[in-house]
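>>> Okay, predicted coordinates and the sequence, questions at the end:
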Amino acid sequence: MTSASINPLLNALEKSFSPSPLSQINDPLLQAHGIELWLKRDDLLHPIISGNKWRKLKYSLDNALKSGKDSLISMGGAHSNHLHALAYVGKTLNLNTHGIIRGEQPSTLTATLKDLQDWGMQLTYISRTEYRNLRHYHDPEDLPDSKPNEYWLPEGGASALALKGVAELVTEIDIPYDILSAPCGTGATLAGIINAAPKNTSVIGFAALKNAQFLNDNVRNLLPSSNINWQINQEYHFGGFAKTTPELMSFIKKFADSTGIILEPLYTGKMLFGLYDLINKNTFKPGLRIIAIHTGGLQGLRGFNE
Ligand SMILES: Cc1ncc(COP(=O)(O)O)c(C=O)c1O
């Protein structure tokens, strides 16, 4: 992992991480269409702060610590991978964390909420309308009525600083390639990938939500400017955020059986289903090499078992 000079606590934490290797996917479908597909295994970075979570949080946390903040506040749903990673970082680095949760407190806490609570995150439940309003606050000091020691992270950690951490996953890729692909929730990971992608490559995002045209604006707002050819495919949301179908679940199971790689159905499962389907429909020229990012989030799978 490459690191510009970051706070020593974060540096030490990052040094405990595992590498994120590239795994080539062998599948008769890929061979038949002459496409090489590789997964960048950010899911292996850390059991909890996995995937794009660390990439997006790293420089925001650094900024928070460098500005003398000791309290991190952010928002998410009852299964949020982002809050899960944030609460764990808070516990590990002895920082206060506060999670603002969408909707009423469930009578039985989800596995994610239970972890947040056990790791000392203060939880505040708010209505869906209030939650939507919080999406207007983007910068660390934006949140109204926040205290001087508090640092605000927008939903999903989708801040401008997230792009700098995401760029590191791109620069770690040490083989040539034609296309980079990632799932999209807020679009911050995709913006970071587009920003760091080498010229002559293209980038395809897969929306995890329905009616997610807003993702294009989110990416444009975060992205300084880019000559990279990028697009967000809107066809593989499977009915909406956190919605699945038997077809998707069966794809994920077959993928795990043949590759040994676990996908979760909210993000990476939808992206890979989409890539396989597009490959099957001859969307890509034979001879292309695609690198898809495994953005982790496997803790969220517990929500499906609950
Ligand atoms: C596992 C996983 N993959 C992908 C995403 C989407 O990332 P972004 O919100 O940066 O688009 C998320 C949400 O943050 C996620 O938890």
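That came in fine, so what should we check first? Numbers count the residues shown, from 1 in each chain.

>>> Which single residue in the stretch 1-150 of the chain comes nearest to the ligand?
In the stretch 1-150 of the chain, the residue found nearest to the ligand is residue 81; the distance is 3.5 Å by CB to the nearest ligand atom. For every residue, glycine as well, the C-beta is placed using N, CA and C.

>>> domains of this protein?
Under automatic domain parsing, the residue ranges defining each domain of the chain are 8-51+159-305, 66-157.

>>> Would you mind listing what in the stretch 1-150 of the chain touches the ligand?
When proximity is defined as CB under 6 Å from any ligand atom, the stretch 1-150 of the chain approaches the ligand at 51-52, 81-82.

>>> In which helix or strand does residue 143 reside?
Residue 143 belongs to no helix or strand when assigned by DSSP states H and E.

>>> wait, what's in contact with it?
Residue 143 makes contact with 73, 134, 137, 150, 152 under the criterion CB atoms under 8 Å, 6 or more residues apart in numbering.

>>> What helix or strand is the third one located in?
If I follow you right, that is residue 137. With DSSP H and E as the criterion, residue 137 is inside neither a helix nor a strand.

>>> for the residue of the stretch 201-306 of the chain found nearest the ligand, what are its contacts?
Nearest residue of the stretch 201-306 of the chain to the ligand: residue 297, at 2.4 Å (CB to the nearest ligand atom). Counting by CB under 8 Å, 6+ apart, residue 297 touches 43, 50-51, 53, 81, 264, 266-268.

>>> And the pLDDT at it?
On pLDDT, residue 297 comes in at 94.

>>> and it, how far is that from residue 80?
When distance is defined by CB to CB, to the nearest Å, residue 297 is 10 Å away from residue 80.

>>> Also residue 272?
From residue 272 across to residue 80, the span is 22 Å (CB to CB).

>>> ok, now residue 270?
To residue 80, residue 270 is 17 Å away according to CB to CB.

>>> which stretches of the protein form strands?
Residue ranges of the strands in the chain, as given by DSSP state E, are 22-25, 36-41, 71-76, 96-102, 122-126, 150-152, 179-184, 202-207, 229-233, 289-294.

>>> could you redo those as CSV and give each row mean neighbour count?
As requested, the strands of the chain are arranged in CSV below (neighbours: other CB atoms under 10 Å):
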stretch, mean neighbour count
strand 22-25, 16
strand 36-41, 21
strand 71-76, 23
strand 96-102, 21
strand 122-126, 15
strand 150-152, 22
strand 179-184, 26
strand 202-207, 24
strand 229-233, 16
strand 289-294, 23
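
>>> Pipe these into TSV and attach mean pLDDT per row.
Formatted as TSV, the entries for those read as follows, by pLDDT from 0 to 100:
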stretch	mean pLDDT
strand 22-25	98
strand 36-41	98
strand 71-76	98
strand 96-102	98
strand 122-126	98
strand 150-152	98
strand 179-184	98
strand 202-207	98
strand 229-233	98
strand 289-294	98
